[in-house]
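Enquirer: prediction below, plus the sequence it came from.
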Amino acid sequence: MAACWPEPIVSVQALSQTGLSTVPNRYVKPAHQRPVYNSDAEMEIPVLDMSDVWEKPEGLRRVRSACEEWGFFQVVNHGVNHALMERVRGAWREFFELPLEEKRKYANSPETYEGYGSRLGVVKDAKLDWSDYFYLNYLPSSIRNPSKWPSQPPKIRELIEEYGEEVRNLCERLVKTLSKSLGLETNHLMKAFGGEDKVGASLRANFYPKCPQPHLTLGLSSHSDPGGITIVLPDENVAGLQVRRGDCWVTVKSVPNALIVNIGDQIQILSNGIYKSVEHQVIVNSGMDRVSLALFYNPRSNIPIGPVKELLTENQPALYKPIRFDEYRLLIRQKGPSGKNQVDSLLASR
């Protein structure tokens, strides 16, 4: 894989702060990829109370319904401290407000993506997204590189650690819940992931600057997440996340103190398509910046992931060819977000 970006990296936040009145051409999406504001006001992703879910048949049915029909849901009573959520979101906002030269000390490369960056994919002359981000490896703890973690603002490293551990606990609980909701043994999916002590996880803090022409660009292009499950701490003040629902894009309305959960491609593969990873994108705003934080909880990188045998029948054979997660992840790292192309490429019928 290329060790450097194909073009010089431009901070979108710095670009926005110049007060420009038009979006530079490299951020203008083709007409068919531009934001669509056709969300049905009555449509909202499901909200699940985790205290009503665990080991409760009706709660498991609601989980299954959310995963089959939406691939997204919000969780409340999730066990992550609300004040901690507010502090870690605030710390990342402070980081992005630091001088550019301070942030560039952590500049990333496409080799690992770890650090501060402004683009996904290494395709030359690609249309770029209107966002900056900071990406960190989190699990297993052996791959953490403290020198890559920001040292400013004060306490940000401790907050990342504390928040990461609480969300990790939620992920473990959710993977077991998904397993039960599929009619499998509680630990079946976790074993398929490689076991609690072998799973991978990474964090990405996203900064979506104000944009003079939000109808021409996207903060994050349409894609499904390549990993297992994703936990998003949204910006409660500015809506931005959109989920595909048929031919519509539904803008997610954040419930106070909720976290957003979405199914990744690896769960779609393991469930043999019973649960769907769903395309989503991020729209930007002309008047307000937006900050969100995503934790990606993934299978161990070096074991083949394929459909769970217990979910296969004569009428429903394996839909997907097994692939190691580290191989699979390279697809999005090289090409950037591209709808559902990654998981569709594994269809056994191809």
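Expert: Arrived safely. All of these numbers come straight from a predicted model, not from anything done at the bench.
Enquirer: okay, CA-based contacts and neighbour counts for the rest of this
Expert: Will do.
Enquirer: so which residues of the chain form strands?
Expert: 47-49, 72-76, 115-117, 132-139, 200-208, 220-223, 229-233, 241-245, 248-251, 259-263, 280-282, 290-298, 304-305, 323-324 (DSSP state E).
Enquirer: of all those, which one is nearest residue 84?
Expert: Residue 84 lies closest to strand 229-233 among those, at 11.1 Å (CA to CA).
Enquirer: now that closest one against strand 290-298, angle please.
Expert: Following axes from the mean of the first three to the mean of the last three CA atoms, to 10 degrees, one obtains 160 degrees for the angle between strand 229-233 and strand 290-298.
Enquirer: for the strands of the chain, give me a markdown table that also has mean pLDDT, mean neighbour count and distance to residue 6.
Expert: Shown next, in a markdown table, are those (pLDDT from 0 to 100; neighbours: other CA atoms under 10 Å; distance: least, CA to CA, whole Å):
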| stretch | mean pLDDT | mean neighbour count | distance to residue 6 |
| --- | --- | --- | --- |
| strand 47-49 | 97 | 18 | 42 |
| strand 72-76 | 98 | 22 | 34 |
| strand 115-117 | 96 | 24 | 13 |
| strand 132-139 | 97 | 23 | 17 |
| strand 200-208 | 97 | 23 | 22 |
| strand 220-223 | 94 | 23 | 19 |
| strand 229-233 | 98 | 23 | 29 |
| strand 241-245 | 94 | 21 | 28 |
| strand 248-251 | 91 | 21 | 32 |
| strand 259-263 | 97 | 24 | 31 |
| strand 280-282 | 96 | 22 | 24 |
| strand 290-298 | 98 | 23 | 26 |
| strand 304-305 | 94 | 20 | 31 |
| strand 323-324 | 92 | 16 | 27 |
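Enquirer: closest one to residue 20 among these?
Expert: So among these, strand 200-208 is nearest, using CA to CA, at 15.5 Å.
Enquirer: can you list the residues that contact the closest one?
Expert: With CA atoms under 8 Å, 6 or more residues apart in numbering as the test, strand 200-208 has contacts from 13, 92-93, 96, 130-140, 219, 284, 289-301.
Enquirer: right, and residue 128 touches residue 25 too?
Expert: No. Contact criterion CA atoms under 8 Å: residue 128 and residue 25 do not qualify, at 9.3 Å.
Enquirer: out of the two, which sits in the more crowded spot?
Expert: residue 128 (22 against 11; other CA atoms under 10 Å).
Enquirer: list the contacts for that one?
Expert: By CA under 8 Å, 6+ apart, the neighbours of residue 128 are 26-28, 119.
Enquirer: now do residue 19 against residue 98, distance only.
Expert: 18 Å (CA to CA, to the nearest Å).
Enquirer: what subset of the contacts of residue 128 is buried?
Expert: 27-28, 119 (16 or more other CA atoms under 10 Å).
Enquirer: pull out the buried positions in stretch 98-106.
Expert: 103, 106.
Enquirer: in PDB, list the C-alpha atoms belonging to it.
Expert: Extracted in PDB, the C-alpha atoms of stretch 98-106 (Å, rounded to 0.1, in the frame of the first residue of the first chain):
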ATOM      1  CA  LEU A  98      -5.800  24.000  18.400                       C
ATOM      2  CA  PRO A  99      -3.500  25.800  16.000                       C
ATOM      3  CA  LEU A 100      -3.000  23.800  12.800                       C
ATOM      4  CA  GLU A 101       0.800  23.400  13.400                       C
ATOM      5  CA  GLU A 102       0.000  21.700  16.700                       C
ATOM      6  CA  LYS A 103      -2.500  19.200  15.100                       C
ATOM      7  CA  ARG A 104      -0.100  18.600  12.200                       C
ATOM      8  CA  LYS A 105       2.400  17.100  14.600                       C
ATOM      9  CA  TYR A 106       0.100  14.100  14.500                       C
END
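Enquirer: who touches it?
Expert: Contacting residues not belonging to stretch 98-106 are listed as 14, 95-96, 115-116, 148, 150 [CA under 8 Å, 6+ apart].
Enquirer: likewise for stretch 134-142?
Expert: 113-117, 143-145, 148-149, 164, 197-206.
Enquirer: low pLDDT regions in the protein?
Expert: 1-2, 38-42, 335-339, 342, 348-350 (pLDDT under 70).
Enquirer: narrow the contacts of stretch 98-106 to those in helices?
Expert: 14, 95-96 (DSSP state H).
Enquirer: JSON lines please, covering those residues and showing neighbour count and distance to residue 242.
Expert: Below are the ones in helices among the contacts of stretch 98-106 laid out as JSON lines (neighbours: other CA atoms under 10 Å; distance: CA to CA, whole Å):
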{"residue": "14", "neighbour count": "13", "distance to residue 242": "25"}
{"residue": "95", "neighbour count": "20", "distance to residue 242": "25"}
{"residue": "96", "neighbour count": "23", "distance to residue 242": "23"}
